[in-house]
Structure formats: C-alpha cells, structure tokens
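[1] quick one, structure for this:
(chains A, B and C)
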Amino acid sequence: MLALILSFVLSATSSLYAAGHKYSGPDLSGQKVTISGPWLAPEDGYMREIAGIFEKATGATVEYGGSDSFEQQIVIDIKAGSPPDIAIFPQPGLAANMAALGGLTPLSSGVKNAVLENYAAGQSWVDLATYPDENGNDQFYAIFYKVNVKSLVWYSPDNFSDNGYEVPTTMEDLIALTEKMANDGNTPWCIGLGSGDATGWPATDWMEDIMLRTHDPKVYDMWVSNEMPFNDPRVLEAMDFFGSFALNDKYVNGGSKAVATTDFRDAPNGLFTSPAECMMHRQASFIPAFFPEGVEAGVDYDFFYFPAYSTKDLGKPVLGGGTLFAATNDNKATMEFMEFLLHAEPNEHWMAKGGFLTPHKGADLNAYSSDTFRKLGEILTGATTFRFDGSDLMPGAIGAGSFWTGMVDYTNGKSAKDVADAIQASWDSIK
Amino acid sequence: MTIFSFIAYIVLGVTACISYYHISNYLLDFFTKKVFKKNYNDSAIRAFIFIAPAFIVLLVFILYPVFETVRLSFFDKFGREFVGLDNYIWAINDPQFRRGIINNLGWLLIVPTLSTFFGLIIANLADRIWWGAIAKSIIFMPMAISFVGAGVIWKFVYDYRGPGDEQIGFLNAVVVFFGFEPQAWITIPVWNNLFLMVIMIWIQTGLAMVIFSAALRGVPKEMLEAARIDGASELKIFTSIIVPYLEQTILVIWTIITILVLKIFDIILAMTNGQWQTEVMANLMFDWMFRGGGDSGRGSVFAIVIMIGVVPIMAWNIYKHKQEQKI
Amino acid sequence: MRKNTTSSIISQLILLVFVVVWIIPTFGLFISSFRDKDLLANSGWWTSLTTSQINEIFRTENKDSQYQENGNYIIKGNFFDNIKGKKISSFGITSKNINQFLVGEKAILKNGSEITVFENGDYIWKSQDSFKHKNGKRIFITALSPPKFTIENYKEVLFKEGVGQAFLNTLTVAIPSTIIPLIICSFFAYALSWMRFFGRDTLLAIIIASLVVPLQMSLIPLLSIYNDIGAFFNIGAKSYPGVWMAHTGFGLASTTFLLRNFIKSLPHEMIEAARVDGATHYDIFIKIILPLSVPAFASIFILQFLWVWNDLLVGLVFLDQLPSEIILTAKLRELLGSRGENWEILTTSAFVSMTVPLLIFFLLQRYFIRGLVAGSVKG
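    I've put the predicted structure just below:
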C-alpha cells in the first residue's frame, strides 16, 4: 500500500491526462449533469469552479447541490430511483451499499484503465471502488477525487515558539507535551465532533489513528472487518487513550462537555484566537478550508505528523481517506464528466485552492497552494503503513451509524466498555 | 428560477387545477342538458367529478403508503425477501427502540399537558386585561415559525461555552449570573429531552390559547357574575366553573397536540439529531430508513409503531364523529 | 373592590411573565441578526447596547516596508484599516501575555527593538538593526468596541448565501401548494356534506383516520411512484408540480375536515331551495357556497400556507437540493450544519425565513384564529 502514497510525489506522465494539458471535451451543448454531494461552503464553490471548466469545454451545464444530510438524501433518491447523475460519496462503504441496491452505473473499462495508469498505486484505488452489484458480480464503480491524509496535527508555529514548545516526533513526546501545556495553563487540544447528521465521525478518525499506533496493522484490518469484535480489549484501550485527551477538562478546549457539541468546522478556530484557546488540533488535510479567513499556511498555521510510539515497533503509520464520484446514469455527458475528473486540469485547479490532495501522477505538484501541502508528501513518503479510513470501510449502519453515535456517547461519559458492547451488538444485528 | 418562470409556474399550476373542475362540469352540463335534454342533477357522474381528484390524492398519498409500509415491515432491508416477524423481534430487543418508546411517552405526557394548561391559563388571564390582545399575539407568534427556525432560535438560547468564557447562550448566561456552572444543556441525558420539549410547548401553547380564548366567550356571563357576587375567588371560579365548562374543548386541544407530538421529528432533527438519548420514533424511523444505506424493513417497524400509537386517538375521533351524526 | 385590584395586578404579573418568557428567544434572535459578526460571536445579545471588549491578533508589516530614520530602522502602519470606533486599551507581544502593555507604552522585544501601539490602531516599530523577518510580528490587542448594528448580515445572507433564491423557490412551492388543495378539498368537502353517494360515511371515516398518518413513512413509496411517472413522461421525478401534489396529499385530510365542518354548518334550506329551482350542484357550489365560505377559505389558506412554508421534510425529499430548487427551511438547515457557529448567518437567515409567516400572521391574525376555532371548538 505504500506505493499508493508515493503517487503524491511522483512525476508526470506524458498521456492525455498529463500536467499542462488543457481539457477539451466533445460538444455536449444542451446536456445537463446534476451532481450532489456532501460539500457545503466553501468547498461547494470549488466544486462549482471545477464544473465550470467542464461547462466551458463542452457546453454542457452542470449543477451541483450540497447537503449536510447527503448520506440520507442519496439513499432516499437511489431507492426511489431518482438520484442525481453523479453522487459524491464521502465513504466507500455507502457507495458499496448503493451498488448492491443496483443504484450505481459501472464505469467503462477505459475509465478503469485510466485510473490504473494515472493514479499512483492505481490498483488500490480501483480495488476500493470495486463492489458487487445487485447480482453479486464485482464491478468498478467510482473514481477517487480529492483524497486526504488524516494523521495530522495542526498548530500555530508562533504559539509554539512563544511558549517554547517543540514539535513532538514521538507519541511519548506528544503525551508529555500535552501534559506540559496543561501545566503551563494552556489548553492543549481543540476537539469538535459536531457534523450535523454525521456527528461523531472525527472521533472515529482518532480511534483509527490510535489503533494504528498501538497495534499491528493486521489488528486494524481485523477490527475493520469485525473478525476481531468491537469490544476487544485492544479497541477499548484505544478508546480510553482517546478519552485521556478528550475527557480531560484540562486538555480540551471548553472541557469535555464541549467536545461533542462543537462543530468540527469550528473546532480549529481555537488555534487562532487571542489568547489561543488551544495549541493543537488533530484533523485531516482538508481542514484548512475551514480555518478563519485570512490565515496563511506556513505562517499562521502548520502541521506535524501525528506521531507513532518510539517504543513500539510499528513504524510510521498513516491514515487516509477520500471522496468518490460515482455515476447513477449512463448518459454521455455524465460519463464524460467522470472521465474529465481524471484529467490534470480539474485536479490542479483545486490543488491551488488548498485542502486538496490527489493521487494523480499527471497533476503538477507546483499547483499546490503552498509548501505546507507539498510537505504532506514528506509525511506520506515517510510512512511505513498506509490504511484507509476504517469507519468508511465498515458497513454503513456501523461506520456511518453506531460507531459515530457511540463515540458521542463516550465523550458524554459512557464507559468504553458499554459503548463498544453497544456497537458490537448493532454489528451483530445486521449480520 | 427567474421571476418570470416563477410566476408562470404558479399560474400554470393553479389554472390547470381550476380548469379541470370547470371543463368537466361544463361538459357534463352540456351533455345532460343539451344532448339528452334531461336534468341529471343528482347524477353519480357529478359526484364522481367532485370527488375523483381528492380521492385519487388520498389513495396515492395516504392509503397506498400505509399498505406499502405494512408490507415492507415484514421484508428484509432491501424489501425483497419475506422475513416474517424478524424486524419486530429485533426492535423489541433493540435498546434504542426501547429508549425511543420511553422518550415518546415522555413527550406525550408532558407536552400536551403543559401546552393545554398554559394555554388555558393565558387565555383566561388575557381576556380580562386591557393589553391582553397584545399578549395573545406574542404568545401565538411561535406558531408561525418553522420547526427549523425554532431550532435556530433555541440553539441560540441553549448555546454552551466552556466555563470562564463569556456565554452567548441566554440560558447559560442566566445560570452563570446566579453563580452556577454553565451546562451543555442538550447533551445531558434525560434532562435534554425536557429542553427539547420546551420548544414544542413554546410553539403549541399559542394554539391552545387561541382556541380556549374563543371557547371562553361561550361561558355564560351570568354564571360568572353570580359566582363573583357570592364572593368566590377567581381561582375558585376558574377551577369550578370555567374548567368543567371547557372540558370538551380541553379534550379536543389535547388530541390535536397529542397527534402533533406523536409525529414529532423536525425539532429533534434540527437540535440533536437524536443524539444524547433524545431519539424518538419518527427520528429512528428516518435514520433506519436512510442512514448508511438504509433498511426499509426496520424503518417500517417504527412507522407502524407510530401508527399503532395513534389508533386510540383515531378511534376516539371516529366514535365522536358517529355520535355527532346521531344527533 | 380592593381585592379585585390586587387580583388584577397578580393576573397582569403572571401574564407578563408568560409574555416575557415567550418573547425572549425570538427577540434575542432579532437583535442578534443586526449585530456585527465579531461581537455576535463573543458576547450575548443583551450586551448589545454596551461597549464590549474584544481581543484580536494582528500582524505588523514585514521587512519590506521598513525605512531608515535618524539611524533607526522603522516599520509603521495601522491595524484597523480605516475601521473607526474601535479603541485599543492594551496590547501584548506574546500569546502568553496578551495585555502586557498599556496603549502608548513601549514594548521592548528580545532583540532590543521597540514597538508602540496607539489607541486608534497605529503602531510604530523601531530597531537599531535592520529588520529581517519575512512574516510580520504578531501583536495581540485588547480593544473596546462601541455598540454596532449593521445590515451587512442581511446583505450577505440574501445575496451571497443563496437565501434570496431559496426564498423565491419557497414561494413557488407554497402558493400553488396552498391554492390547489383548497380547490380540490372544497369540492370534496361539498360532496361529503351535500351530495348523496355510496360510501360517503366510510370516506369520511377514512379522512379522519388519515389525520394521524405520519408522513415520513410515505416518502419512499411516493418517490418511487413519482419516478415511474417521471420516467414515463421522460422528465425528472423531482419537480415543482410533484411537490404541489405531495403537499396537496398531506394537507388533504385536515383541509377537507375543516372545510366540511364549515360547509356542513351552512343553512341547508338555502341549498334545498336552489335545488328545487333546478340549479346543478356545480351552480350551487359556485354561486352560493363559494361566496359564503370566503372567511373559512381565508383561514384555511393561511393555515395551509404556514404549514407548507415551514415544512422541511417534503421539500427535502421531493425537490433536488440544487440552488434552483432548494427551499428556505432546507437552506437554513444546510446553513445550520455548514456554518455551525456562524451565528450572524444563522440568525439572519432564520429571521428572513420567518418574515413571510410573521407578516401573514400579523396581517391576517383574525382569520387565522377563526379558522382554527371553526375546526376545533366544534369538533
């Protein structure tokens, strides 16, 4: 899986999809593509800009609608048979469910080959987007566009230097730093789990990152597939490790009560207030899109790798995720749009906006908005293990259901054991 | 949507509807009077013309979904395989389902009671005070606000900031002012249900008040005056004359609010989305129907439970209607 | 007499308490929607008439803007960019101590240079050696901000956030969704009251039963029907006519019920006399019933309009969540999610969404109440 990440830094290929090559499509005047997805402001604006490139080149019109309850909305639409032409799934698990319902249209082998060719470690991206259809036959359904790296901690370099803090390179250091910050009277962490219907998911990312840092990746895989029950002591241990930060009123901004009520989009604001409400914020690479207006990468904020234990021989694991575009309609304009996403131009355009990473080998790395994003490459190349967001791979009822709500209950004072038992029970009930 | 197409849309829709009645009745008149030269005034055809659109709508939008839901509750999550009572058995053993039932019962006990009670008191007070009309307008105003709008209003009231920070939520500001710790109100299990109910009471009290206010005008003045001359206190008059007189109205209001509460959904969706143990049937149904791929079988079970919940109310209404017919 | 006055005062007091409790939430929202967004996020609306203290971070200019004067290197500037009214009271140079210095004092940095910040936001930074920093130095200021009200929030919401469009969409949904059921149900109610046909009582019982069917369960079955119809005509399943029909369906039971109560109460001698004269039911309906029912229509119109305007679920399911079709409540919910604690957007949008219902409510209150009462006191 390591190769998958190397993609971010690999150089251009010379194909149609290569850097600098402007997209030019067939004439699709008068045709319309509707897209819906989970992106709201400001990301919906970038999405519309991308759609604008397509509109200009082909004459087709593209409408994008974002919804905070996309996960429910798309199920209603697909079950009733009236989905948008393209759905942007935040999780492969949900896309797989929809494919099993017969709601998605398989993509052509041409598109599949283009992914294999142009995405570094193309095979893994193809595998993550291949699901059984309603008859149980495996089909290739979706293109990953806008991927992210989760194992990051964001901070303000000025706040660190004012207080004389060093960026920690091991988990032991991070724990010690957290303690030191609290002793200095600073609040180490900003944590926010709020996300409308999806409230709770940021805590599942914490869990996954911790699992990868405390146990072998094989344990992680067993956990994600439920070969190891959710209430295994190793999972409880990870949950309590998360709790050692999130449930400690001195360690988290607003106290543990505020964790579940703070919106994940607002949580990082604490890094930029006067005086700083918190020193660190663990969140994926997309989060700068939600930072306050006017803050600058590399100046007002920076990030470091959520470190691994030096005493555990687990290397440097990295957790990632991504959104997938899947078609529900076999019309020409829709399929053309899917292919369009594999060109360098739509990738580079968003790279320049920030909060966007791509496994596309053809995209010009200079397009990234700042060195900060380029630096992500270092974290990725330095990684020895890569795993995809586990909750996204779990069945929807767990990974987008009881796992989320369970973590909310946990931050609200329920014991790790009770939470894990409840999640396992809900998993048993859908088997 | 431009202004033009917006107007065109509206005109088109409404015209289409009116034309149906006009043209069909015109045709009927034309055939009966001009062609057959007979006056089929009571003809079954006219009744059909009058009823057909509404009946079709009723069939499609209410009756069919009810039967479909009953069917789905016996099928698997894709609605393909018959699973018998499995979904119901699962529900009975599901802790969320049981908590949902308890929460719903809480809502049913508290909201109609308090709304009716407050409505009655306010109607009674406002009718005797010169600024009563203004007071009634204010109490009634929340009725005009959407549940989502009410959600924003009350999120703002319940907003929580950590101790030490300045509170911008009104409730926490009051609590801090009196020297207590601020609380994240909507996350405190059991109690948070009450905080959500407050919103519904806030909205529905106006409804109760207005109806009581109209009904109060029917209380015979002589009776009240006679009681006052006898030296009865206002409280006494309220409990022993007004309340018994309004018994019928109280029951009607109770019913209306109970039906609304059984279907309560939007407030919880906007405020907590069922987190922190505030789930009720309608939200659980929505969740199971649509979350993470959805399970129409289990989702339907919740719908059936809501329907069973309203059966007694329904039966009572029909019984009342029958009685009314007899008189 | 004296006893009466006391009891009247007590009554007034109790009522006053109710009124205050009821109005506070909405009033707070109303005030907040006119407040400056920084103030809104940092202090309660009840403080909006007082001067509030705000903490901010600014960066000085970088080395490129330095110049030499009397052997010193100097960087000068103003933090406030011409925004008037704010007054700095103290400032600091590290996040550890944000109000270390009073305004006008000299703060001496580790490298020996001095910074002074003035009340109006001006600052001056002097050093004997040339400046080398690439990024400006952070200065923490504590300022007093006078009460400030603004209509910026409304401009932002109406034009940038797409709420204005959603407003229009909602009107497109609400007007026909109110008129169509009124037309359909008035004929229905008339038939149920004055026409004789087989199964009339059963139909009425079904109507009453339908009053209590939760609409959430109808969503998927209905949308599938829509989809079949849409596929048949080769149009999308989600459209304005579809929403109108859905609202007609969900409002049918209550509208018919209320209207029937009213029409049934009209004097039957009148109708029978017309029948004897040879008028058809259609004539009777148009010429006698309609003019007499105007008050009932008005009240039911308002009720149904409010219900449709405030609906979330139907609009969410039967319309695309695209800017061209999204309704106000759905938009508001979207903002509630994406703008989490951007209270200036939330409060203002919420207020915009309330304008029409409140307007209708205050203008037509009398009818509104009459309609409710007609349906329920009789019940």
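[2] name the residues of the helix or strand of chain B with the lowest mean pLDDT that are buried.
    Every helix and strand of chain B was ranked by mean pLDDT, DSSP states H and E. The lowest is helix B:296-326, at a mean of 78. Applying a neighbour-count criterion of 16 or more other C-beta atoms under 10 Å in any protein chain shown, the buried positions in helix B:296-326 are B:296-307, B:309-310, B:313-314, B:317, B:320-321. C-beta here means a position set from N, CA and C on the backbone, and glycine is covered the same way.
[3] how about stretch C:132-151?
    Taking 16+ other C-beta under 10 Å as the neighbour-count basis, stretch C:132-151 is seen to contain the buried residues C:Gly136, C:Lys137, C:Arg138, C:Ile139, C:Phe140, C:Ile141, C:Thr142, C:Ala143, C:Ser145, C:Thr150.
[4] that stretch close to chain A?
    Yes: among the residues of stretch C:132-151, C:Asn135, C:Arg138, C:Phe140, C:Ile141 lie within reach of chain A under C-beta under 8 Å from any C-beta of the partner chain.
[5] for the first one, what are phi and psi?
    This means C:Asn135. Main-chain torsions, C:Asn135, degrees, to the nearest 10: phi -100, psi 140.
[6] quick check: which of the buried residues of helix B:296-326 are also close to chain A?
    The subset of the buried residues of helix B:296-326 within reach of chain A, by C-beta under 8 Å from any C-beta, is B:Ser296.
[7] just to revisit the earlier point, close to chain C, is the least confident helix or strand of chain B?
    Yes: with C-beta under 8 Å from any C-beta as the threshold, helix B:296-326 lies in contact with chain C, specifically through B:296, B:300, B:303, B:306-307, B:310, B:313-314, B:317-318, B:320-321, B:325.
[8] packing partners of that helix?
    The contact analysis (3 or more C-beta pairs under 8 Å, 6 or more residues apart in numbering or on different chains; DSSP states H and E) places helix B:296-326 against helix B:64-72, helix B:86-93, helix B:95-126, helix B:247-262, helix B:281-290, helix C:200-210.
[9] can you check the pLDDT for whatever residue of the stretch 301-431 of chain A ends up closest to chain B?
    Proximity of the stretch 301-431 of chain A to chain B (C-beta to the nearest C-beta) peaks at A:Gly396, 2.4 Å away. A:Gly396 carries a pLDDT value of 78.
[10] residues from the stretch 201-327 of chain B in reach of chain C?
    B:202, B:205, B:207, B:210-211, B:213-215, B:233-234, B:249, B:252-253, B:256, B:259, B:262-263, B:265-266, B:269-270, B:282, B:285-286, B:289, B:296, B:300, B:303, B:306-307, B:310, B:313-314, B:317-318, B:320-321, B:325.
[11] cool, and chain A?
    Of all the residues in chain A, those lying near chain C are A:34, A:36, A:40-41, A:63-69, A:73, A:76-77, A:79-82, A:84, A:158-159, A:162-163, A:194-197, A:262-263, A:265-266, A:272-276, A:299, going by C-beta under 8 Å from any C-beta.
[12] so which of those also contact chain B?
    When C-beta under 8 Å from any C-beta is applied, the members of the residues of chain A next to chain C adjacent to chain B are A:Gln73, A:Ile76, A:Lys79, A:Gly196, A:Asp197.
[13] pick out the residue nearest the middle of chain A.
    Nearest to the geometric centre of chain A sits A:Gly321, at 3.8 Å (C-alpha atoms, centre = their mean).
[14] my guess is that residue meets A:Phe388, correct?
    Yes: in terms of C-beta atoms under 8 Å, A:Gly321 counts as a neighbour of A:Phe388; the distance is 6.6 Å.
[15] buried ones in the longest helix that chain A contains, by neighbour count?
    Taking DSSP state H as the assignment, the helix of chain A that covers the most residues is helix A:43-58. Within helix A:43-58, the residues that qualify as buried are A:Glu43, A:Asp44, A:Tyr46, A:Met47, A:Arg48, A:Ile50, A:Ala51, A:Ile53, A:Phe54, A:Glu55, A:Ala57, A:Thr58, counting by 16+ other C-beta under 10 Å.
[16] any regions of the stretch 101-250 of chain C where pLDDT drops low?
    Applying pLDDT under 70 to the stretch 101-250 of chain C flags the ranges C:231, C:234-237.
[17] could you pull out the helices for it?
    Secondary structure of the stretch 101-250 of chain C by DSSP state H, counting those that start in this stretch: the helices cover C:152-155, C:163-194, C:200-210, C:219-233, C:240-264.
[18] how about the secondary structure of A:Gly321?
    Local secondary structure at A:Gly321 is given as strand here, using DSSP: H, G, I helix; E, B strand; the rest coil.
[19] tell me the contacts of the closest residue to it other than its chain neighbours?
    Of all residues not flanking A:Gly321 in the chain, A:Asp389 sits nearest, at 3.8 Å (C-beta to C-beta, 6 or more residues apart in numbering or on different chains). Taking C-beta atoms under 8 Å, 6 or more residues apart in numbering or on different chains as the contact definition, A:Asp389 lies against A:Gln91, A:Lys150, A:Thr204, A:Asp205, A:Glu208, A:Leu319, A:Gly320, A:Gly321.
[20] how is the chain carved up into domains?
    Just so you know, I chose chain A. Recorded structural domains for chain A (assignment: automatic domain parsing) are A:2-148+A:321-374, A:152-318+A:391-429.
[21] um, chain C though
    As assigned by automatic domain parsing, chain C contains the domains C:52-146, C:154-376.
[22] ranking those domains by burial, who's on top?
    The highest mean neighbour count among the domains of chain C, using mean count of other C-beta atoms under 10 Å in any protein chain shown, belongs to domain C:154-376: a mean of 20.
[23] these two touch, right, B:Ile199 and B:Phe156?
    No: between B:Ile199 and B:Phe156 there is no contact, the gap being 11.8 Å when judged by C-beta under 8 Å.
[24] which one's more surrounded, these two?
    Taking B:Ile199 and B:Phe156 together and counting by other C-beta atoms under 10 Å in any protein chain shown, B:Ile199 has the greater number of neighbours (25 against 22).
[25] sticking with that one, tell me its helix or strand.
    Taking DSSP states H and E as the criterion, B:Ile199 maps to helix B:191-216.
[26] quick check: buried residues in that helix?
    Within helix B:191-216, the residues that count as buried by 16+ other C-beta under 10 Å are B:192-193, B:195-216.
[27] right, and the helix or strand after it?
    Where DSSP H and E defines the elements, the next helix or strand beyond helix B:191-216 is helix B:221-229.
[28] put the alpha carbons of that next one into PDB.
    Below are the C-alpha coordinates for helix B:221-229, written out as PDB (Å, rounded to 0.1, in the frame of the first residue of the first chain):
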ATOM      1  CA  LYS B 221     -71.600  35.600  31.900                       C
ATOM      2  CA  GLU B 222     -74.400  35.300  34.400                       C
ATOM      3  CA  MET B 223     -72.800  32.300  35.900                       C
ATOM      4  CA  LEU B 224     -69.600  34.100  36.400                       C
ATOM      5  CA  GLU B 225     -71.200  37.200  37.800                       C
ATOM      6  CA  ALA B 226     -73.300  35.200  40.100                       C
ATOM      7  CA  ALA B 227     -70.300  33.400  41.500                       C
ATOM      8  CA  ARG B 228     -68.500  36.700  41.900                       C
ATOM      9  CA  ILE B 229     -71.400  38.200  43.800                       C
END
